[in-house]
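> quick one, structure for this:
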Amino acid sequence: MEHYGRVLIVEDEEIWQDILREILKENGFSVTIAGDYDEAAQALKQAADEGPPFRVATIDIGLPGPLAEGEIGKGVSVLDLIANHYEDVKRVMVSAQELSHEQMTKFFPYDVKDFIIKDKFHEDVFAELMTKLCKELPGAQAVQRQMRNLVKREKPWAVVYVSIDDLHLFKKAYGLNSAEQMLKYVSGILRDALCEVNRADDFIGQTAVGDFLIVTVPEKVEELVSEITERYVEDKIIRFYAAKDIELGHLTIPDGTGGEKQEPLRLMKLAIGIVTDKDRDKGLIETFWDIPKLLEDRKTRKE
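The predicted structure is shown next:
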């Protein structure tokens, strides 16, 4: 079974806690339950400070608690907390009943991904939604926030930077869709490798096209890198290329003037760099900007 990361369920009704938890666990998620605002706030802070982070939160609008003026449920306070302090956690709202158009408009500023109505609940639709949301890798801003947290994190940590060398030439030769298929293939390798070393909930983000960043623990780095390199095999990579290009040994790409030119065909390889909290302790990391600089300096191509 594939593993899709951590989900926070913010729900006060035990029967719905059980329903959502069982569906998510059966479909490869790790689940944390929070029964009210305070428990949700504590869980979010702990995940941000210590990791692994939550990827999605489902929030019951009708949580118990004192309501602010105009607030339709205490779940809105949790939503506001996440939107303002934990932006990388995707939000799904849960309601016991249909919402009016006026009520729906109150959620527009919060980037809510979807609404679940309890009396119209479908297990398969819910599982599909959560899988889709968790498969989407966080982007550059989320990666930056992770690195900011690492600079001050007390527990040991490690960053594994994985870059696809020569992806830019591949993209020029075969187009965006082919490059995206390659990115999906590599992100799948990274997820599988994390599962193999029992770190499936660790953060994976994509900093740029072809560049991935994993936040894990130092004792798993060697095993994780080994798993990644073993899964990235030439026999599978070569299938992304056209047979005629393999035979001729070159790629034909635009030359920037409306014509074409040929570039030697080099199969895309992975380059990997590693930084840990020990680098911070040695004075090599003072701000989060020092982390990507070190990673780039230490990046080595895996043949």
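
> residue 99 in helix, strand or coil?
State at residue 99, reduced to three classes by DSSP: H, G, I helix; E, B strand; the rest coil: coil.

> now do residue 62
coil.

> could you pull out the helices for the protein?
When secondary structure is read from DSSP state H, the chain shows helices at 14-26, 37-50, 75-85, 101-105, 123-135, 140-152, 167-174, 176-196, 221-231, 234-237, 243-248, 277-281, 290-298.

> now those in a markdown table, with mean neighbour count, distance to residue 266 and mean pLDDT?
The C-beta positions use only the backbone N, C-alpha and C, and glycine is treated the same way. As requested, the helices of the chain are exported to a markdown table (neighbours: other C-beta atoms under 10 Å; distance: least, C-beta to C-beta, whole Å; pLDDT from 0 to 100):
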| stretch | mean neighbour count | distance to residue 266 | mean pLDDT |
| --- | --- | --- | --- |
| helix 14-26 | 15 | 42 | 95 |
| helix 37-50 | 16 | 40 | 92 |
| helix 75-85 | 19 | 44 | 93 |
| helix 101-105 | 10 | 52 | 84 |
| helix 123-135 | 16 | 29 | 91 |
| helix 140-152 | 18 | 26 | 89 |
| helix 167-174 | 18 | 8 | 95 |
| helix 176-196 | 17 | 14 | 93 |
| helix 221-231 | 17 | 17 | 96 |
| helix 234-237 | 12 | 11 | 90 |
| helix 243-248 | 11 | 11 | 94 |
| helix 277-281 | 16 | 31 | 95 |
| helix 290-298 | 17 | 20 | 94 |
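
> could the ones you listed be laid out in TSV, adding distance to residue 204?
Putting those into TSV (distance: least, C-beta to C-beta, whole Å) gives the following:
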stretch	distance to residue 204
helix 14-26	19
helix 37-50	15
helix 75-85	20
helix 101-105	32
helix 123-135	11
helix 140-152	10
helix 167-174	17
helix 176-196	6
helix 221-231	11
helix 234-237	20
helix 243-248	30
helix 277-281	19
helix 290-298	15
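
> right, and those helices - which one's nearest residue 210?
The closest approach between residue 210 and any of the helices of the chain, judged by C-beta to C-beta, belongs to helix 167-174 at 3.9 Å.

> got the contact list for the closest one?
178-179, 182, 209-210, 240-242, 245, 251-254, 263, 266, 268 (C-beta atoms under 8 Å, 6 or more residues apart in numbering).

> tell me the spacing between the spatially most central residue of the chain and residue 191.
If you average the C-alpha coordinates of the chain and look for the closest C-alpha using C-alpha atoms, centre = their mean, you land on residue 137, 3.5 Å from that point. For residue 137, the distance to residue 191 (C-beta to C-beta, to the nearest Å) stands at 9 Å.

> so what's in contact with those two at the same time?
Taking C-beta under 8 Å, 6+ apart as the contact criterion, the common neighbours of residue 137 and residue 191 are residue 204.

> so which of the helices of the chain comes closest to residue 63?
With C-beta to C-beta, the closest approach to residue 63 among the helices of the chain belongs to helix 75-85: 4.6 Å.

> what's that closest one packed up against?
Taking 3 or more C-beta pairs under 8 Å, 6 or more residues apart in numbering; DSSP states H and E as the contact definition, the neighbouring helices and strands of helix 75-85 are helix 37-50, strand 54-60, strand 90-95.

> okay, the angle between that helix and strand 54-60?
With axes from the mean of the first three to the mean of the last three C-alpha atoms, to 10 degrees as the criterion, the two stretches helix 75-85 and strand 54-60 enclose an angle of 160 degrees.

> quick one: contacts of helix 75-85?
Contacts made with helix 75-85 from outside it, assessed by C-beta under 8 Å, 6+ apart, are listed as 10, 37, 40-41, 44, 57, 59-63, 65, 68, 71, 89, 91, 93-94, 106-107, 109-112.

> okay, it in PDB with CA atoms only?
Output in PDB follows, covering the C-alpha atoms of helix 75-85 (Å, rounded to 0.1, in the frame of the first residue of the first chain):
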ATOM      1  CA  GLY A  75     -14.000  25.200  13.400                       C
ATOM      2  CA  VAL A  76     -13.500  28.600  11.700                       C
ATOM      3  CA  SER A  77     -11.100  29.600  14.400                       C
ATOM      4  CA  VAL A  78      -9.000  26.400  13.600                       C
ATOM      5  CA  LEU A  79      -9.200  27.300   9.900                       C
ATOM      6  CA  ASP A  80      -8.000  30.800  10.600                       C
ATOM      7  CA  LEU A  81      -5.100  29.500  12.800                       C
ATOM      8  CA  ILE A  82      -3.900  27.100  10.000                       C
ATOM      9  CA  ALA A  83      -4.300  29.700   7.200                       C
ATOM     10  CA  ASN A  84      -2.200  32.300   9.100                       C
ATOM     11  CA  HIS A  85       0.400  30.100  10.800                       C
END
